[in-house]
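> Next come a sequence and a model predicted from it.
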Amino acid sequence: MSDCSPQTPTDEARRPAWSSDVPRRLRVVLLGNTQRSNVHAAERKLRPVIEELAEIVVSDFSSRLDLHEIAADLAIVLGGDGSILHAVRQMASRQLPVLGVNLGKLGFLAALTPDDFVRAFPDICAGRCWVVDHLMLDCSLWREGQLRHRQLGLNEAAVLGGPPFAMLQLDLYVDSILATTYSCDGLIISTPVGSTAHNLSAGGPILRKSLQAFVISPISPHTLTVRPVVDRADRIYEVATQEPDASASVVVDGSVVGTLRANDRMRVQRAEPQFQLVEIGGQNYYQTLREKLGWRGHIRR
């Protein structure tokens, strides 16, 4: 791994981490998903390293603890990108800077291996790192003008069909003005962080994670003229249907928020909290795309 000293910030979303002049030790929340068989082994290896330099105020490996009122400086998440999504949901409106330790396959957000973490953690505690703010979304489900459900999301909000898997007719409104009607299997509204998740699988574009924009991507649209759209994050996006499938659901980051009935509206807009990702020197966005997603411009011989 490259040197951990921070590089010069290149965009407004990146800011210095905690100051090394702070006299107290960092307060850490240690999180993970015990459904992964290797989480406990990673905890046994990394806990002494963490406790040598920082104070662990909370450990939670059930993904159920409410972290909204926990006073801490940093959340260390053992697992993969899915574990980070669970941590974001637990922290709710009070997001802590997140450092992910990858124990899974992809690790697009959880970039450090356990060995990388051991080498980098002293520099991180000393403030030789950056915190990068990322757009999150606020998804709400409205019925007859009344708010029924609300969910904070990091990756995407989507309307997905279910059995009997009939085609959906979905109206997209942007700032209360009808933009278009999709005939499709579903519709995804994604953040830049989520652009490499479900959006990418549906044929949507990749956005740099620090951009302030949303991607609207239909799933299997029944026309050749429909393409994904990228628009600003300060707009309000609404999805409605006149004749929904009986099991059409609103899904945020893989969790079902509720079912979509006739004249209901799924509203997506910029969330007030931001996802805060800790980055160290030597990390490069295009390198991550190339290595993690196998992005190559030529045929390997």
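Thanks, I have the structure now.
> Moving C-terminal from whichever strand or helix holds Ile56, which element do we reach first?
For Ile56, the host element (DSSP states H and E) is strand 54-60. Beyond strand 54-60 in the direction of the C-terminus, DSSP H and E gives the next helix or strand as strand 74-79.
> Any buried residues in the strand holding Ile56, and which?
Using 16 or more other CB atoms under 10 Å as the test for burial, strand 54-60 gives 54, 60. C-beta here means a position set from N, CA and C on the backbone, and glycine is covered the same way.
> Show me the domain layout of this protein.
14-134+274-292, 137-270 (automatic domain parsing).
> and Arg227, helix, strand or coil?
Classification of Arg227 using DSSP: H, G, I helix; E, B strand; the rest coil returns coil.
> still on that earlier bit, CSV please, covering the domains of the chain and showing mean pLDDT.
Output for those, formatted as CSV (pLDDT from 0 to 100):
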stretch, mean pLDDT
domain 14-134+274-292, 88
domain 137-270, 94
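> If you drop the residues flanking it in sequence, what lies closest to the residue nearest in space to the middle of the chain?
The structure's the chain has its C-alpha centroid closest to Leu154; by CA atoms, centre = their mean the separation is 3.3 Å. Nearest non-adjacent residue to Leu154, counting by CB to CB, 6 or more residues apart in numbering: Val88, 4.9 Å away.
> quick check, that neighbour in a strand?
No. Under three-state DSSP, Val88 sits outside any strand and is assigned helix.
> what residues are up against it?
Neighbouring residues of Val88 by CB atoms under 8 Å, 6 or more residues apart in numbering: 95, 98, 136, 152, 154, 253, 275.
> Out of the residues you listed, which is nearest to Leu53?
Val98 (17.8 Å; CB to CB).
> Wait, the closest one touches Asp73, no?
No. Contact between Val98 and Asp73 fails when scored by CB atoms under 8 Å: they sit 11.4 Å apart.
> Can you identify each of the helices in the stretch 1-150 of the chain by residue range?
39-53, 81-91, 114-125 (DSSP state H, counting those that start in this stretch).
> give me the number of residues near Tyr286?
Residues lying near Tyr286 (other CB atoms under 10 Å) number 9.
> Just want the angle from the host helix or strand of it to helix 81-91.
Assigning secondary structure by DSSP H and E places Tyr286 in helix 285-292. Put simply, helix 285-292 runs at 130 degrees to helix 81-91, going by axes from the mean of the first three to the mean of the last three CA atoms, to 10 degrees.
> who touches helix 285-292?
Contacts of helix 285-292 (CB under 8 Å, 6+ apart): 106-108, 111, 196, 206, 208-209, 295-296.
> how about the residues you listed in TSV, adding neighbour count and distance to Ser59?
Shown next, in TSV, are the contacts of helix 285-292 (neighbours: other CB atoms under 10 Å; distance: CB to CB, whole Å):
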residue	neighbour count	distance to Ser59
Leu106	14	25
Gly107	20	21
Phe108	19	25
Ala111	22	22
Thr196	24	29
Ile206	15	35
Arg208	13	33
Lys209	22	28
Trp295	13	36
Arg296	9	40
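> And those residues, which is closest to Thr180?
Ile206 (22.7 Å).
> Helix, strand or coil: sort out the closest residue to the closest one other than its chain neighbours for me.
Once flanking residues are discounted, Ile206 sits nearest to Ser195: 5.2 Å by CB to CB, 6+ apart. Per three-state DSSP, the local secondary structure of Ser195 is helix.
> same thing with the one 4 residues further on?
Going by three-state DSSP, the secondary structure assigned to Asn199 is helix.
> Report the contact partners of it.
The contact partners of Asn199, by CB under 8 Å, 6+ apart, come to 156, 188, 190, 205, 215, 217, 228.
> Please apply the same query to Ile219.
158, 160, 184-188, 202.
> Now tabulate the residues you listed in JSON lines and tack on distance to Ala17 and secondary structure.
Formatted as JSON lines, the contacts of Ile219 follow (distance: CB to CB, whole Å; DSSP: H, G, I helix; E, B strand; the rest coil):
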{"residue": "Ala158", "distance to Ala17": "33", "secondary structure": "strand"}
{"residue": "Leu160", "distance to Ala17": "38", "secondary structure": "strand"}
{"residue": "Cys184", "distance to Ala17": "42", "secondary structure": "strand"}
{"residue": "Asp185", "distance to Ala17": "42", "secondary structure": "coil"}
{"residue": "Gly186", "distance to Ala17": "38", "secondary structure": "strand"}
{"residue": "Leu187", "distance to Ala17": "37", "secondary structure": "strand"}
{"residue": "Ile188", "distance to Ala17": "32", "secondary structure": "strand"}
{"residue": "Ala202", "distance to Ala17": "35", "secondary structure": "coil"}
